[in-house]
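Asker: what follows is a predicted protein model with its sequence.
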Amino acid sequence: ADRLVAQVPIVHVGGSRAYAYAEHVSGNKKPGEHESLHGTAAQKGAYAAALAAGASVAVAFMAAKAGKFAAGDVAALEAQAKATGKFSAEDLAPPAKAKGAPELQQSEQAAPQPGAGAGCQVQ
């Protein structure tokens, strides 16, 4: 391994033995969470693209793990997330829409951006 993880006791309750919180250790993350934070540009981009498309956090983490995202991948990524058994119902739920957020029509979602160079695609 390329890292050393040391847990420093941080809690002493009523004379009990001190302990550290395991959730602060980098190895206790959900699948794809590490890649979404510290991965390659493609992994971080896939995570951001999934969230921007309205996908759940679980789907976004699985997209980061895969290093790619397309709207057609949502069902497969959700199935992969469920198969891990590490995501809660809240993680699998799509994010709530913000009040006043505009609704995009299907034709607007894939519209080319003004000034976009040759070979640029919006997904």
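Answerer: Sure thing, it's come through. Keep in mind the model is a prediction, meaning the values are calculated, not measured.

Asker: please make it C-alpha for all contacts and neighbour counts, starting now.
Answerer: Will do.

Asker: and the helix or strand that Gly45 is a member of, what other elements does it pack with?
Answerer: Following DSSP states H and E, one finds Gly45 within helix 41-52. Applying 3 or more C-alpha pairs under 8 Å, 6 or more residues apart in numbering; DSSP states H and E, we find helix 41-52 packed against helix 33-38, helix 57-66.

Asker: save the ones you listed as a markdown table, and put in mean pLDDT, mean neighbour count and distance to Leu51 too.
Answerer: Converted to a markdown table, these look like this (pLDDT from 0 to 100; neighbours: other C-alpha atoms under 10 Å; distance: least, C-alpha to C-alpha, whole Å):
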| stretch | mean pLDDT | mean neighbour count | distance to Leu51 |
| --- | --- | --- | --- |
| helix 33-38 | 90 | 18 | 11 |
| helix 57-66 | 97 | 28 | 6 |
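
Asker: my read is Phe87 is in a strand, agree?
Answerer: No - counting by DSSP: H, G, I helix; E, B strand; the rest coil, Phe87 falls outside a strand, being coil.

Asker: quick one on the thing from earlier: could I get the helices and strands packed on helix 41-52 as JSON lines with distance to Gln80?
Answerer: JSON lines is the format used below for the helices and strands packed on helix 41-52 (distance: least, C-alpha to C-alpha, whole Å):
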{"stretch": "helix 33-38", "distance to Gln80": "14"}
{"stretch": "helix 57-66", "distance to Gln80": "7"}
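
Asker: how close does Pro95 get to Gly14?
Answerer: 41 Å (C-alpha to C-alpha, to the nearest Å).

Asker: more neighbours: which of these two?
Answerer: Using other C-alpha atoms under 10 Å as the criterion, Pro95 and Gly14 rank with Pro95 on top: 13 against 6.

Asker: what sits against the residue lying closest to that one once chain neighbours are set aside?
Answerer: Distances taken as C-alpha to C-alpha, 6 or more residues apart in numbering place Ser56 nearest to Pro95, at 6.1 Å, with adjacent residues excluded. Residues counted as contacts of Ser56 (C-alpha atoms under 8 Å, 6 or more residues apart in numbering) are Ala50, Asp91, Leu92, Ala93, Pro94, Pro95.
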